[in-house]
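**Student:** After the sequence you'll find the predicted model.
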Amino acid sequence: MSRSEQFERSVSLGEAALGRVKAPPARPYPRSYEFWYVYAAGFNRELNKAVNDAIKRLGHLPEELTERFREEFLSPVRLSDRVGEVSSRVSKELDDIITLLEASGTELESFGQSLRSTADGLGGVQSLAQLRTVVDTVQKATRDMGDRSATLELQLKASRTQIAELQESLEAIRYESLTDQLTGLANRKHFDHSLDSAIDFATRRSEKLSLVMCDIDHFKDFNDRYGHQTGDQVLRLVGAAIGGAVKPRDLAARYGGEEFCVILPSTSLQGAVAVANQIRAALMAKELIKRSTGESLGRITMSAGVAELNASDTHDSLVERADMALYASKRLGRNRVTSEDELPDVQAGRSAVA
């Protein structure tokens, strides 16, 4: 699945999750959205079964059950447990396959020995009755071997099916562990790993690499004024704007809170500034409507900073320069993009701006 397809799927899952959150008795909290997003994705089979059974039994999912299921199936400890469970099951399946193959080898050796003994006995055949006995022996050994081979094939097929299901479970766990459930973008863990890989690749190939750091302007004030549910709607809107502006080779991530970032391989500083401005313009063009009332909440703006990899850069130094450029944008009035080349002209760095 391409990144654009993954993004479209994430948007679809987000809409399904939002529909669940808005339906009583669900509460409009970020953790509720996360819960129903994972349910809509269908990756966590145990969670989905528990939810479906409860709804079938009660007609709805009470809040206390939602919290219990969330703790049981979605906590970091539970995620670690699931990795351990799947790993144990994979090891068991591999052990079973090895046992089957060893048994098959023993049976083949026995079959071969039977054929050799029969062949040795053919020299002493002196009557038709003795020949029939030899033929019957060969036929029986062949039938037995055929039956054992058919049984082995069924067992191996079952093992292949089981391993395929385990691979799907591992992919589900991987998806959950690397995705920000609210926006559908990569999460901080995925970003950190991807940036390290991108820096290593660009350094070895002597290619360009740029990083964009973005921050929603006045998000705290907006969140305090309109509430967390509307704040989550803004975060999803920003995630959609960023996800829609990047190419499959790029990585868009939610860095934390209202801060986002984009890794741009094979992209110069000027090219990255153009991408950041494209995201900023796309976001500013969207009018935010409060779904419950139809009220216009105005438009959201974003500030961004851009830095390009240099020969001495590390993960932290590249992020730091992009972050300094971002906060320069905040100082210069927000709703703008600043590149690291502009930093000498401003007093860059963090301050009490938001």
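**Tutor:** That came in fine, so what should we check first?
**Student:** Going by C-alpha atoms from here, please, whenever you check contacts or count neighbours.
**Tutor:** Noted.
**Student:** Does residue 305 belong to a helix, a strand or coil?
**Tutor:** The assignment at residue 305 comes out as strand when based on DSSP: H, G, I helix; E, B strand; the rest coil.
**Student:** Surely it touches residue 334?
**Tutor:** No: applying CA atoms under 8 Å, one finds residue 305 not in contact with residue 334, separated by 10.8 Å.
**Student:** neighbour-wise, which of these two wins?
**Tutor:** residue 305 (30 against 22; other CA atoms under 10 Å).
**Student:** Least confident secondary structure element in this structure?
**Tutor:** helix 3-22 (a mean of 58; mean pLDDT, DSSP states H and E).
**Student:** Can I take it that residue 182 is in a strand?
**Tutor:** No: counting by three-state DSSP, residue 182 falls outside a strand, being coil.
**Student:** Isn't residue 280 up against residue 335?
**Tutor:** Yes: between residue 280 and residue 335 a contact is recorded at 7.4 Å, counting by CA under 8 Å.
**Student:** Give me the common contacts of the two.
**Tutor:** The contact sets of residue 280 and residue 335 overlap at 301-303 (CA atoms under 8 Å, 6 or more residues apart in numbering).
**Student:** tell me which of these is nearest to residue 70?
**Tutor:** Minimum distance to residue 70 across the shared contacts of residue 280 and residue 335 is 32.8 Å, recorded for residue 302 (CA to CA).
**Student:** Looking at strand pairing, list the partners for the closest one.
**Tutor:** residue 216 (DSSP bridges).
**Student:** Kindly report the same for residue 186.
**Tutor:** Beta-bridge partners of residue 186, as defined by DSSP bridges: residue 179, residue 253.
**Student:** How many residues are close by it?
**Tutor:** For residue 186, using other CA under 10 Å, the count is 25.
**Student:** Likewise for the one 10 residues further on?
**Tutor:** A count of nearby residues for residue 196, using other CA under 10 Å, gives 13.
**Student:** and if you look at the one 3 residues further on?
**Tutor:** Number of residues near residue 199 (other CA under 10 Å) recorded here: 24.
**Student:** doesn't residue 317 make contact with it?
**Tutor:** No: using CA under 8 Å, residue 199 makes no contact with residue 317, being 11.4 Å away.
**Student:** looking at this, residue 312 is in a strand?
**Tutor:** No: the assignment for residue 312 (three-state DSSP) gives coil, which keeps it out of a strand.
**Student:** Tell me where the chain has strands.
**Tutor:** In the chain, strands defined by DSSP state E lie at 209-216, 251-256, 259-265, 287-289, 296-299, 302-308, 337-339, listed in chain order.
**Student:** in its sheet, what does the last one sit against?
**Tutor:** What that stands for is strand 337-339. Sheet pairing here is set by DSSP bridges, and for strand 337-339 it gives strand 302-308 (parallel).
**Student:** contacting residues around the strand it pairs with?
**Tutor:** By CA under 8 Å, 6+ apart, the surrounding residues in contact with strand 302-308 are 208-217, 268-269, 272-273, 276, 280, 283-284, 318-319, 321-330, 334-340.
**Student:** quick one, what contacts the residue nearest to residue 189 when sequence neighbours are not counted?
**Tutor:** Nearest residue to residue 189, sequence neighbours excluded (CA to CA, 6 or more residues apart in numbering): residue 178, at 6.4 Å. By CA under 8 Å, 6+ apart, residue 178 lies in contact with 186-190.
**Student:** ok, residue 178 to residue 39 distance?
**Tutor:** To residue 39, residue 178 is 16 Å away according to CA to CA, to the nearest Å.
**Student:** same thing with residue 70?
**Tutor:** Distance check for residue 70 against residue 39: by CA to CA, it reads 10 Å.
**Student:** any idea how the protein splits into domains?
**Tutor:** Structural domains assigned to the chain are 3-74, 78-177, 188-345, following automatic domain parsing.
**Student:** ranking these by mean pLDDT, which is last?
**Tutor:** Here the domains of the chain differ in mean pLDDT, and the lowest is domain 78-177 at a mean of 64.
**Student:** Please name the residues that touch the residue nearest to residue 262 when sequence neighbours are not counted.
**Tutor:** Nearest non-adjacent residue to residue 262, counting by CA to CA, 6+ apart: residue 252, 4.4 Å away. Residues counted as contacts of residue 252 (CA under 8 Å, 6+ apart) are 185-186, 242-243, 246, 260-263.
**Student:** Repeat that for residue 337.
**Tutor:** Residues in contact with residue 337 (CA under 8 Å, 6+ apart) are 273, 276-277, 303-306, 326, 329.
**Student:** residues near residue 339, how many?
**Tutor:** 24.
**Student:** Only the C-alpha atoms, please, for stretch 192-202, written as PDB.
**Tutor:** The C-alpha trace of stretch 192-202 is given here as PDB (Å, rounded to 0.1, in the frame of the first residue of the first chain):
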ATOM      1  CA  ASP A 192      12.900   9.500  15.200                       C
ATOM      2  CA  HIS A 193      13.700   6.200  13.500                       C
ATOM      3  CA  SER A 194      13.000   7.500  10.000                       C
ATOM      4  CA  LEU A 195      15.100  10.600  10.400                       C
ATOM      5  CA  ASP A 196      18.100   8.500  11.600                       C
ATOM      6  CA  SER A 197      17.700   6.300   8.500                       C
ATOM      7  CA  ALA A 198      17.300   9.300   6.200                       C
ATOM      8  CA  ILE A 199      20.400  11.000   7.600                       C
ATOM      9  CA  ASP A 200      22.400   7.800   7.200                       C
ATOM     10  CA  PHE A 201      21.200   7.300   3.600                       C
ATOM     11  CA  ALA A 202      21.700  10.900   2.500                       C
END
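**Student:** All set now, cheers.
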